[in-house]
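Asker: mind folding the following:
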Amino acid sequence: MKSKQLSLLFLVTASAVAVGSYAQSFKLNNLEYFEERGANVLVYSNIYNGGFCDEKLAGIEIVQRGERIATGGGIRFMNTPEQWDIYGKMTNRTVNRDENYIEVELTYQDYDFTSRIRVQPKDKGCVMQVFLDKPVPENLVGKAGMNLEFFPASYFGKNYLVDGAARILPKYPQHDTQVRPVSEKIPQYYGESTFDDRGRGEFLVPLALSTGHQIVLAPEDNALRVAVKSDLEVSLYDGRHLAQNGTFVVRSLLPKNKTGKVLEWYVEPDVDQQWIRKPNIGFSQIGYTPAQKKVAVVELDRNDTPASTAKILRVNPDGSKSVAMEANVEPWGVFYNRYNYVTIDFSKIKEPGLYSIEYAGVETNAFPIDKNVYSDKWHASMDISLVVNMDHMEVNEAYRIWHGRANMDDALQAPLNVKLHDGYSMGNTTNTKYQPLEHIPGLAVGGWYDAGDFDIQANSVVNTVQDLSSLWRLFKPMRDQTFIDEDTKYADIHRPDGIPDVVQQIMHGTLNINAQIENIGFVANVIGQPDMHHYHHLGDAMTLTDGLIYDPSLELYQVKDGRSGTPDDRMVFTSRGGCRQRHVFNSCFGIGLSSTEGILPTRGRTFPE
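Answerer: Predicted structure coming up:
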């Protein structure tokens, strides 16, 4: 009998130990995030920086099978936060190793609202709890909620379960929205708005795809499966109704008139104790010259055992592959305690041909080894990228129009004492002869779009002209694969016109610089979009504006005598002095146009001395 009691006691104790260890599958590692095999949960390891206000790697995040599938977890005021929607500032972060949790304090200072989120492992997942010392302010009731965002592209073709009912995650946003009066909207950064309400004083609110107490995303795919469960209602939204970079958002509203622990989620990613990330082989995909050093870098899961050798395969004309070299694999070390790295040196291979790298059953795509491997790699920049980004031009390529003649209504003097998106600002003087919102003539010529938007950034244009001028002065590349006509403002890609392309691009940049010198007196900081709605434009740049000069005496959207009451014209921000820009202009102008004499027809154009 005593023996049986001891046996029973042993079983109960063993079970308790097993449950205790199983109860906290995720472990708090020395990098201060929760880790398990095949899944990680990060708690504000990355924060928002306040610039573009839409980092897709911030807040609470889930990395599963090596892919970041969820991000943006935190207290937000919108169903589907857009870029430039406000977020809570992390005012404190506590990592408690004794009790195995991470807690962050988030503060919305303008709303006198502070919350704490505590994340702690439990069972096969994590508990996420929200604590309030004061109830949700009345003006935030029905707005403040716990959000977690999931990347739509990862979930295309997948399904979800809401309280056991099966649903499909849509590839394209196709659910319901609601129009609400703008008085209910939480203002975005800088007091601007990403929504064009056409003067109606309203904004758009995506409605929930589904609501329940448990939502399981991609239950059929272990690499993407995540379950969120709560006693409070949990809803799923599609942020792409408002923005193309929107996400699927899991969200629960915070209850009103409550303090202490007001919300609890149990979030369960999928863990795989056998999962090992496949090796990721880094190499020059454009190839190598025979004489250069050739070293591939392989990124390995920390649980992977490095191989001792790798094969360099030669691709033969008949499609077969032969081993050109068996290269030693050399250890490099661990980076940020996440991945292990090894190197493969195959510099001994000098015979021209087509090759690939095989490491531990993983093979790269083929790449060339040839003495001329770099000779044409600049063509994509000169033939396509620079041309596509030419402002004030219609750009054609075969059957395709990249964009029409945009911003032909350039530009308005920016108003005083404003701070807008992308760092634009004006002080208490224009530094010009123009009044705020007065049209500055002569600017609808030349220049290139800024990276990622349709502004003209002074530094970008000046530096590009300088670089192209130096390229021409030192090497004089005669490549001609683009037709450019500045008089008709038309460019045609892959069509020679008898003039070196680099010379024409120097002219295109200089025309804009020259126009600013003549009409403003110096090169302005930026010629930029007048509001957030125009700034996030993703279509043809020609459709950004109506092409008509703005006339404030007209009614909104009224057109009369070739002028428009629509304030869509770009603005010239002239808060910076122009001495430095004038010096730079003279430098690039002298290097560029003086060295193109006799090659580039000026067609009667004049330039400042």
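Asker: how about stretch 29-45: buried residues?
Answerer: Y33, F34, E35, E36, G38, A39, N40, V41, L42, V43, Y44, S45 (16 or more other CB atoms under 10 Å). In this view, the C-beta of every residue, glycine as well, is placed from N, C-alpha and C.
Asker: closest to V262 among those?
Answerer: Among the buried residues of stretch 29-45, V43 lies closest to V262 (CB to CB), at 18.3 Å.
Asker: ok, now how distant is that closest one from P436?
Answerer: V43 sits 46 Å away from P436 when distances are taken as CB to CB, to the nearest Å.
Asker: repeat that for Q285.
Answerer: In terms of CB to CB, Q285 sits 50 Å off from P436.
Asker: neighbour count for these two, which is higher?
Answerer: Comparing Q285 with P436 by other CB atoms under 10 Å, the one with more neighbours is P436, at 14 against 9.
Asker: so P530 is in which element?
Answerer: Using DSSP states H and E, P530 sits in no helix or strand.
Asker: residues in contact with the residue lying closest to it once chain neighbours are set aside?
Answerer: Nearest residue to P530, sequence neighbours excluded (CB to CB, 6 or more residues apart in numbering): M571, at 5.2 Å. Applying CB atoms under 8 Å, 6 or more residues apart in numbering, we find M571 in contact with A411, L412, Q413, A414, P415, Y424, I527, G528, Q529, P530.
Asker: likewise for N92?
Answerer: N92 makes contacts with V104, E105, as judged by CB under 8 Å, 6+ apart.
Asker: that one pairs with what?
Answerer: Beta-bridge partners for N92, by DSSP bridges, are E105.
Asker: how is the protein partitioned into domains?
Answerer: As recorded under automatic domain parsing, the domains making up the chain are 22-269, 280-369, 379-596.
Asker: show me the strands in the stretch 51-200 of the chain, by range?
Answerer: Using DSSP state E, counting those that start in this stretch, the strands of the stretch 51-200 of the chain run over 60-64, 67-76, 89-96, 101-108, 113-122, 125-132, 145-150, 159-162, 165-168, 177-181.
Asker: dump these to CSV, plus mean pLDDT and distance to I281.
Answerer: Formatted as CSV, the strands of the stretch 51-200 of the chain follow (pLDDT from 0 to 100; distance: least, CB to CB, whole Å):
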stretch, mean pLDDT, distance to I281
strand 60-64, 97, 21
strand 67-76, 96, 18
strand 89-96, 97, 35
strand 101-108, 97, 34
strand 113-122, 98, 34
strand 125-132, 98, 33
strand 145-150, 98, 29
strand 159-162, 98, 33
strand 165-168, 98, 36
strand 177-181, 96, 45
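Asker: out of those, which one sits most buried?
Answerer: strand 145-150 (a mean of 25; mean count of other CB atoms under 10 Å).
Asker: between it and strand 60-64, how big is the angle?
Answerer: Using axes from the mean of the first three to the mean of the last three CA atoms, to 10 degrees, the direction of strand 145-150 lies 30 degrees away from that of strand 60-64.
Asker: just to revisit the earlier point, go through the buried residues of stretch 29-45 and flag which are in strands.
Answerer: Residues of the buried residues of stretch 29-45 located in strands (DSSP state E): F34, E35, E36, A39, N40, V41, L42, V43.
Asker: and the closest residue to L443 other than its chain neighbours, what does it touch?
Answerer: Closest residue to L443 in three dimensions, ignoring its sequence neighbours and counting by CB to CB, 6+ apart: D410, at 4.3 Å. By CB under 8 Å, 6+ apart, the contact set of D410 is H392, I440, L443, A444, I527, D569, R570.
Asker: who wins on neighbours among these?
Answerer: The most crowded member of the contacts of D410, judged by other CB under 10 Å, is I527 (29 neighbours).
Asker: pLDDT at that residue, what is it?
Answerer: Among the per-residue scores, I527 shows a pLDDT of 96.
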